[in-house]
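[1] model the structure of this input:
(one chain, ligands or ions: 2)
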Amino acid sequence: MVSNDRCLFCRIASGEITAKKVYEDADVVAFEDINPQAPTHVLIVPRKHIPSLDDLTDADAQVVGTVLTRAAQIARNLHLESDGYRLVINNGEAAGQTVFHIHFHILGGRNFGWPPG
Ligand code: AMP
Ligand code: ZN
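    Numbers count the residues shown, from 1 in each chain. Ligands and ions are numbered 1, 2, ... in the order given. As a prediction, the model looks like this:
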């Protein structure tokens, strides 16, 4: 499945639903989280609809690698790398996943505790 017309993040990626995009290319879209948990809170999603980590197959290795390297590039573009930042994937309901289209949270601009809540 390349995209899912009922999925919120597929609809943001296609432009059907508006978001504050900070980066996009042929493979990924990054946009500001609507409910930010840090001074900088950006979500990065592949254009391909993959519901969660549980749905990944070896065929997705390239797209996942691209999302990760683009996330690091976006963090540098947002000048987060000097102080540090956190990349988060919530996988499944107990971990807090609410949108079932795989995404990294890029969080920066404050200190983060460990272990996470
Ligand atoms: P998760 O809970 O890990 O699945 O993350 C989903 C994230 O999507 C949450 O942080 C929400 O605040 C965010 N979110 C939900 N709807 C929108 C939207 N329309 N635009 C931007 N971010 C959204
Ligand atoms: Zn989707």
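[2] which SSE is I17 in?
    Under DSSP states H and E, no helix or strand contains I17.
[3] and P36, by the same measure?
    Using DSSP H and E, no helix or strand contains P36.
[4] per-residue pLDDT, it?
    Per-residue pLDDT puts P36 at 98.
[5] need the helices for this structure, in chain order.
    Under the criterion DSSP state H, the chain contains helices at 8-14, 61-77.
[6] can you list those helices in TSV and add mean neighbour count, mean pLDDT and distance to ligand 2?
    For the C-beta atoms, the positions are set from N, CA and C on the backbone; glycine is no exception. TSV is the format used below for the helices of the chain (neighbours: other CB atoms under 10 Å; pLDDT from 0 to 100; distance: least, CB to the ion, whole Å):
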stretch	mean neighbour count	mean pLDDT	distance to ligand 2
helix 8-14	19	98	3
helix 61-77	16	98	13
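[7] what sits closest to E32 if chain neighbours are left out?
    Of all residues beyond its chain neighbours, the one nearest E32 is K20 (4.1 Å), with distances taken as CB to CB, 6 or more residues apart in numbering.
[8] among the helices of the chain, which comes closest to ligand 1?
    Set against ligand 1 and scored by CB to the nearest ligand atom, the helices of the chain come closest in helix 8-14, at 5.9 Å.
[9] which other residues reach that closest one?
    3-5, 17-19, 24, 29, 31, 43, 45, 47, 49, 99, 101, 103 (CB atoms under 8 Å, 6 or more residues apart in numbering).
[10] can you tell me which of those residues has the most neighbours?
    Within those, most neighbours by other CB atoms under 10 Å means H103, with 26 neighbours.
[11] hang on, the earlier thing: please tabulate the helices of the chain in TSV, including the columns distance to G92.
    Formatted as TSV, those follow (distance: least, CB to CB, whole Å):
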stretch	distance to G92
helix 8-14	16
helix 61-77	17
